[in-house]
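A.B. asks: Pasted the sequence and its predicted model underneath.
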Amino acid sequence: MKLRTFILLRLLLTIPMILILVTVVFGIMRVLPGDPVAAVMGSKQGSEQQIELLRHELGLDKPLYLQYLDYVGNLLRGDFGYSMVRQRPVASELADHLPATIELTFWSMLLAIPLGIYSGVFAARKAGSKIDASIRIGALVRWCIPVFWFGLILQILVVQYGLPLPVSGQASPQIATVAHVTGLYVVDAILAGDARALVDSFLHLALPVVTLGTTMAASLTKIARTNVVDVLGEEYIKVASLKGCPDEQVFQKHALPNALIPILTYTGLQVAILLQGAILTETVFAWSGLGRLLIFSVGFRDFNLIQGCVVLFALVVSLANLIVDISYAIVDPRVRL
Amino acid sequence: MWPKSSRSMVTAGTIIVVIILTLDAYSHLVGLDPLQTTFQVLSPPALDHVMGTDQLGRDIFSRVSFGTTFSLLVAFVSVIISVGTGSIIGALSGFFGGKIDQATSLLFDALYALPALVIAILIAAMIGTGIVNTGLAIAIGYIPQYFRIVRGIIFSIKERPFIESTRAIGAGYGNLIFRHMMPYAIPSIIALMTLNMGSAIVDVSGLGFLGLGLPPPTPEWGTDLGRGRDFITAGVWWTSTFPGLMIVISVLGFTLVGEGLDEIFRATSTRKKETF
């Protein structure tokens, strides 16, 4: 089919998929035991009337399907509900915390993608050798290290050896606070022309990005290596080589393009895993992103905020999957059939 | 014969898993007490407490070895739940096909967008802690994988002549699907299960780290690791390091076995090459 048709169909497919995700999240929040009213009341006692009033305010006295329709309708208008704990619209909370997560994941991917893919490809070319084995073992072991423990170990090492690296937060309180235009500390520092703040932001990014980035790189190495090894075993590679094409050219013009497509699409799909890792990384490094907001809202049983975080999470991942599928279709025409 | 690298991976992995299980058994048999508080609070590793003590004076070595039971048990429960549910739904959906299959596939494709830990956090936040609860919370996130694999395999053998003939001699659907078709999925399922054990252990500890895992004073690796965080800036490294080390070793064991098995099955199976 034509590319345009594919893109259109794929875009249309996003709608039911997002709807399913929102429904699943809504279902889990409403159907599983756990009373939002009790959560809001906390340890306070209330009369029957007060509890009923609260229930009505939260919209919980309506039948479930009406609550659901209300929720979806509100979402379409950008209304994620009201956070009882923070006493603000959930959407504002999400907007405040999203940039930090974007900054963390952006720099982590910037580290992970070249590191992971290059080492995987390198290992595949030297398949069977000692260097290949070491890269494989290294990636495997790194994969098995939980992201939060890795971050903790980095913190421990910095503290034990007294290195001048910050172990938590996004910025030092001593550095003059820069105007928050975008919420992305690095960008804001550049916009304000504040060199010290810029250096400070990078220093604070160092440990979290290494933590999250190497976690992602570990799986990328394995995927890259497997794909390149598979491609190098294909017949057309042998043919190219037999036709007299020099090895380097065979690799760069025939093997690599074919191997990179599934590698890059897999990388896009890893966004979900990356965001999952970001939740844990943000907790370890006291990073004020979505992940930390989610954990905070769970701790305080702020149901609307929990729901909002997970829905936003799902939206971001759906967007990433959409981009991946469309780029795959652009690059590889066979997919559009 | 199986490729050499996978043989060594499976062997190494099995050895590691056996060591962990032995340590676990040892802690039960010898009667180590993970709950015994002492006044030796936060003391560094020494001869009497080889891994030091935590903030309540409990011996970390006891907690870490006893904790193997809990982490592995919850992970195992979650793997069983996700394998059972995902495989059955996948087999049924793949076999009957049609609109139901399309709808189910769409559902699980969408669920793929929510990684296991996020779903687990959500469910754990609602139904609370406990071995079965935590296991269930983690299991939900892994069901789509089994669904996909089993459905794919059922699809590929659905049209084969031997299925048609078995049907022709009067085999019922249940018999057909579970006795004749499912066995083809078993190698892939086993490899995936072992890999999932590793991921499940990481998820259990992740939940514990976030405070959503098994309730205190249960000696779970992730929970201990999380609680031990508070003392790092004071130079106390052993409260978080040793539980984490156990996580890495056990995950490594299961992952090695899983990766090795996966490689073996890829090398020996006749199914089409998948990219990952």
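C.D. replies: Structure received.
A.B. asks: all contacts plus neighbour counts: C-alpha atoms, from now on.
C.D. replies: Fine.
A.B. asks: If I look at A:Met41, what pLDDT would I see?
C.D. replies: The model reports A:Met41 with a pLDDT of 69.
A.B. asks: Then the one 10 residues further on?
C.D. replies: Turning to A:Ile51, the model gives it a pLDDT of 78.
A.B. asks: Tell me if I'm right that it and A:Val37 touch.
C.D. replies: Yes - counting by C-alpha atoms under 8 Å, A:Val37 is a contact partner of A:Ile51 at 7.4 Å.
A.B. asks: Residues of the stretch 151-276 of chain B that sit close to chain A?
C.D. replies: Within the stretch 151-276 of chain B, the positions near chain A by C-alpha under 8 Å from any C-alpha of the partner chain are B:198, B:202, B:206, B:210, B:225, B:229, B:232-233, B:235, B:237, B:240-241, B:244, B:247-249, B:251-252, B:255, B:275-276.
A.B. asks: among the residues you listed, which ones are buried?
C.D. replies: Neighbour counting by 16 or more other C-alpha atoms under 10 Å in any protein chain shown classes B:198, B:202, B:206, B:210, B:225, B:229, B:232, B:237, B:240-241, B:244, B:247-249, B:251-252, B:255 among these as buried.
A.B. asks: Sitting in helices, which of these do you find?
C.D. replies: Here DSSP state H is the test, and these give B:198, B:202, B:206, B:225, B:240-241, B:244, B:247-249, B:251-252, B:255 as lying in helices.
A.B. asks: in the chain, what spans have low per-residue confidence?
C.D. replies: Using chain A here. Where chain A drops to pLDDT under 70, the residues are A:34, A:36, A:38-43, A:174-176, A:336-337.
A.B. asks: Chain B was what I was after
C.D. replies: In chain B (pLDDT under 70), the answer is B:1-3, B:269-276.
A.B. asks: Kindly recompute the last result at 80.
C.D. replies: B:1-6, B:31-34, B:36-40, B:48, B:112-113, B:128, B:171, B:175, B:266-276 (pLDDT under 80).
A.B. asks: Spit out the contact partners of A:Phe26.
C.D. replies: By C-alpha atoms under 8 Å, 6 or more residues apart in numbering or on different chains, A:Phe26 lies in contact with A:68, A:307.
A.B. asks: Likewise for A:Asp332?
C.D. replies: Per C-alpha under 8 Å, 6+ apart, neighbours of A:Asp332: A:Ile261.
A.B. asks: Phi and psi next, for it.
C.D. replies: Backbone torsions for A:Asp332, taken as degrees, to the nearest 10, come to phi -120, psi 100.
A.B. asks: What separation do you get for it and A:Leu260?
C.D. replies: Distance from A:Asp332 to A:Leu260, counting by C-alpha to C-alpha, to the nearest Å: 11 Å.
A.B. asks: Which neighbours do the two have in common?
C.D. replies: Common neighbours of A:Asp332 and A:Leu260 (C-alpha under 8 Å, 6+ apart) do not exist.
A.B. asks: what's the helix or strand encompassing A:Ile117 packed up against?
C.D. replies: Here A:Ile117 sits within helix A:90-125, counting by DSSP states H and E. Applying 3 or more C-alpha pairs under 8 Å, 6 or more residues apart in numbering or on different chains; DSSP states H and E, one finds that helix A:90-125 contacts helix A:130-144, helix A:195-232, helix A:271-284, helix A:290-299, helix A:303-331.
A.B. asks: could you dump those to CSV with mean neighbour count?
C.D. replies: Output for these, formatted as CSV (neighbours: other C-alpha atoms under 10 Å in any protein chain shown):
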stretch, mean neighbour count
helix A:130-144, 18
helix A:195-232, 23
helix A:271-284, 24
helix A:290-299, 22
helix A:303-331, 21
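A.B. asks: Reformat those helices as CSV; add distance to A:Gln87.
C.D. replies: Listed next are the helices and strands packed on helix A:90-125 as CSV, based on distance: least, C-alpha to C-alpha, whole Å:
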stretch, distance to A:Gln87
helix A:130-144, 40
helix A:195-232, 30
helix A:271-284, 23
helix A:290-299, 12
helix A:303-331, 11
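A.B. asks: and these as a markdown table, adding distance to chain B?
C.D. replies: Below are the helices and strands packed on helix A:90-125 laid out as a markdown table (distance: least, C-alpha to the nearest C-alpha, whole Å):
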| stretch | distance to chain B |
| --- | --- |
| helix A:130-144 | 6 |
| helix A:195-232 | 6 |
| helix A:271-284 | 6 |
| helix A:290-299 | 6 |
| helix A:303-331 | 6 |
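A.B. asks: quick one: which of the ones you listed is nearest B:Ile186?
C.D. replies: Nearest to B:Ile186 among the helices and strands packed on helix A:90-125 is helix A:195-232; the distance by C-alpha to C-alpha comes to 22.6 Å.
A.B. asks: any residues touching the helix or strand following that closest one, and which ones?
C.D. replies: Using DSSP H and E, the next helix or strand after helix A:195-232 towards the C-terminus is helix A:235-242. For helix A:235-242, the surrounding residues in contact (C-alpha under 8 Å, 6+ apart) are A:231, A:247, A:250, A:254-255.
A.B. asks: for stretch A:181-190, same thing?
C.D. replies: So stretch A:181-190 is in contact with A:96, A:99-100, A:102-103, A:170, A:178-180, A:195, A:197-198, A:201-202, going by C-alpha under 8 Å, 6+ apart.
A.B. asks: Can you give me the buried ones in that stretch?
C.D. replies: A:183-189.
A.B. asks: Helix or strand next in line after the lengthiest helix in chain B, which one?
C.D. replies: With DSSP H applied, the helix covering the greatest number of residues in chain B is identified as helix B:60-96. Scanning forward in sequence from helix B:60-96 by DSSP H and E, the next helix or strand is helix B:98-111.
A.B. asks: Filter the contacts of helix A:235-242 down to the buried ones.
C.D. replies: Buried, going by 16+ other C-alpha under 10 Å: A:231, A:250, A:254-255, out of these.
A.B. asks: so can I have CSV of those showing distance to A:Lys130 and secondary structure?
C.D. replies: Putting these into CSV (distance: C-alpha to C-alpha, whole Å; DSSP: H, G, I helix; E, B strand; the rest coil) gives the following:
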residue, distance to A:Lys130, secondary structure
A:Val231, 21, helix
A:Val250, 23, helix
A:His254, 26, helix
A:Ala255, 22, helix
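A.B. asks: Nearest to chain B among these?
C.D. replies: A:Val231 (9.7 Å; C-alpha to the nearest C-alpha).
A.B. asks: what sits against that closest one?
C.D. replies: Contacts for A:Val231 (C-alpha under 8 Å, 6+ apart) come out as A:237, A:255, A:258-259.
A.B. asks: how close does the residue nearest in space to the middle of chain B sit to chain A?
C.D. replies: Centroid-nearest residue in chain B, with C-alpha atoms, centre = their mean: B:Met197, separated by 2.2 Å. B:Met197 is 12 Å from chain A, where distance means C-alpha to the nearest C-alpha, to the nearest Å.
A.B. asks: Backbone dihedrals for A:Arg88, both of them.
C.D. replies: phi -150, psi 160.
A.B. asks: That one pairs with what?
C.D. replies: Applying DSSP bridges to A:Arg88 yields these beta-bridge partners: A:Ser83.
A.B. asks: Could you check how far it is from A:Ala197?
C.D. replies: Counting by C-alpha to C-alpha, the gap from A:Arg88 to A:Ala197 is 30 Å.
A.B. asks: what does A:Leu8 give?
C.D. replies: Computed as C-alpha to C-alpha, the A:Leu8 to A:Ala197 distance reads 44 Å.
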